[in-house]
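Visitor: Sequence and predicted structure are below.
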Amino acid sequence: MKRGKLFLALVACACLMAAPLSAAKAEPYKGEYKLSVVPGATSGWGKTATYFADLVRKRSDGRINIKVYPSSQLLSGKQTSEFLMLRNGAIDFALASTINWSPQIKELNLPALPFFIAAQPDRYKAMDAIEAGKSGKMMVDAIEDKGVKIIGWAENGFRELTTSKGPIASPEDMKGLKIRVVGSPIFIETFRELGANPVNMNWSEATTGFQQGVVDGQENPTNGINIPLKIWDFHKHHSDWHYMIDPLLMGVNPQVWKSFSPEDQKLLVECAAEAEKYGKALSRLGMDDGASAAYLKSIGELPEAADPYATMKENGMTVTRLTPEQIQAFHKATQKVRDDWTAKIGPDLVKAAESDMAAVK
């Protein structure tokens, strides 16, 4: 009897000691995870973030509730602070542009090398090859070394030029134009090298400048930004020059990432991959070989306005689509910028990107 009582007492003690450990392992997920997006909800970028959040919520049966905060709501107006806020845990997720994170991670200036990707035979294949290749891994490694987990890519699109003066078809046409640009040094140097006057200003200031005629143009992706913003209200000339691309990265705070079970980590990566397909299709719609339109139609997401060039023309814009030879003229005119920034970004990374792109020519 004494032995039986002693055994029962030991079992009870063991259960009491094990209970807190089990409870710690079963700690519930947060009620809401914040996902940062710089532009508005109706942009292709914003829609991609929402698509991702909805997929995760549905496939996790509501266990993982991600709320999208568009229009830089979480950033107090300073979009270049996003990386640090994500790393430090003020934000849980971000669908972020390489441009906005480039002040902290120099390697992310690679896609902004002027006319580096545009000069390739197929610019979309070239970009996909970079993301899937050695150079893409080098960029991701550089980010993760500085404290943010990356679970996928997406795309805001190639940045095109719109102006109130034009058309713009050669480097000579850029002389003296005052162009609103992103405040990154590589953007400013590129436009100066072309003879333009680059100006860094927020969008509300820029639109006032457009209306008053003191700013002549701006650069942004067509499907992702220009069409949702109805750029034809300010500019009547569009130049398809593809001078650089704006890839997006799905980033997660490392501690948040570690809090998910392995099964849910796998679910998040899978949802990020589907969001990448969706976001790239929105970005490339009407500009590729028709694959983007077919994909969006297959998932019931094909927009009514599926031809961006027709949409711009219907709204009074003159569309200039540069030939490969015309793009080569811009490529030649910006050689110094590429040389200077190759040294800053890292020659090994640029060589890796050139090899990745050459593999799909």
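Guide: That came in fine, so what should we check first?
Visitor: only C-alpha atoms for contact and neighbour calcs from this point on.
Guide: Noted.
Visitor: Show me the shaky parts of this structure.
Guide: Filtered on pLDDT under 70, the chain yields the residue ranges 1-27.
Visitor: From the centroid of it, which residue is nearest?
Guide: The residue lying closest to the centre of the chain (Cα atoms, centre = their mean) is Leu248, at 1.8 Å.
Visitor: which SSE is it in?
Guide: If you go by DSSP states H and E, Leu248 is part of strand 237-252.
Visitor: which other helices and strands contact that strand?
Guide: For strand 237-252, the elements it packs on are strand 93-97, helix 98-101, strand 149-163, strand 318-321, judged by 3 or more Cα pairs under 8 Å, 6 or more residues apart in numbering; DSSP states H and E.
Visitor: can you map out the helices along the stretch 51-200 of the chain?
Guide: Under the criterion DSSP state H, counting those that start in this stretch, the stretch 51-200 of the chain contains helices at 82-88, 98-101, 123-132, 134-145, 185-193.
Visitor: Against which helices or strands is the first one packed?
Guide: Here helix 82-88 is seen to pack against strand 93-97, helix 98-101 when contacts are counted using 3+ Cα pairs under 8 Å, 6+ apart.
Visitor: Same list (the helices and strands packed on strand 237-252) but as TSV, adding mean neighbour count and distance to Ala132.
Guide: TSV is the format used below for the helices and strands packed on strand 237-252 (neighbours: other Cα atoms under 10 Å; distance: least, Cα to Cα, whole Å):
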stretch	mean neighbour count	distance to Ala132
strand 93-97	27	17
helix 98-101	23	16
strand 149-163	25	10
strand 318-321	18	28
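Visitor: now for those, which one comes closest to Ile345?
Guide: Each of the helices and strands packed on strand 237-252 has some distance to Ile345 by Cα to Cα; the shortest is helix 98-101, at 12.9 Å.
Visitor: How far does that closest one sit from its chain's centre?
Guide: In terms of Cα atoms, centre = their mean, to the nearest Å, the centre of helix 98-101 is set 8 Å apart from its chain centre.
Visitor: Dump the C-alpha coordinates for that helix into CSV.
Guide: Extracted in CSV, the C-alpha atoms of helix 98-101 (Å, rounded to 0.1, in the frame of the first residue of the first chain):
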residue,chain,number,x,y,z
THR,A,98,13.9,46.6,-52.8
ILE,A,99,14.1,50.4,-53.3
ASN,A,100,12.8,51.2,-49.8
TRP,A,101,15.1,48.7,-48.2
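Visitor: Which residues does that helix contact?
Guide: For helix 98-101, the surrounding residues in contact (Cα atoms under 8 Å, 6 or more residues apart in numbering) are 79-80, 82-83, 108-109, 111-112, 184, 246-249.
Visitor: Quickly run through the sheet partners of the strand holding Leu248, with directions.
Guide: The pairing partners recorded for strand 237-252 under DSSP bridges are strand 93-97 (antiparallel), strand 149-163 (antiparallel), strand 318-321 (parallel).
Visitor: downstream neighbour of that strand in the secondary structure list?
Guide: Downstream of strand 237-252, the first helix or strand assigned by DSSP H and E is helix 254-259.
Visitor: The following helix or strand past that following helix packs against which elements?
Guide: Sequence-wise, the next helix or strand downstream of helix 254-259 (DSSP H and E) is helix 262-284. Under the contact criterion of 3+ Cα pairs under 8 Å, 6+ apart, helix 262-284 touches helix 44-59, strand 149-163, helix 291-298.
Visitor: Now render the ones you listed as TSV, adding distance to Val269.
Guide: Shown next, in TSV, are the helices and strands packed on helix 262-284 (distance: least, Cα to Cα, whole Å):
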stretch	distance to Val269
helix 44-59	10
strand 149-163	6
helix 291-298	20
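Visitor: Name all residues that make contact with Asp54.
Guide: The contact partners of Asp54, taken as Cα under 8 Å, 6+ apart, are Ile66.
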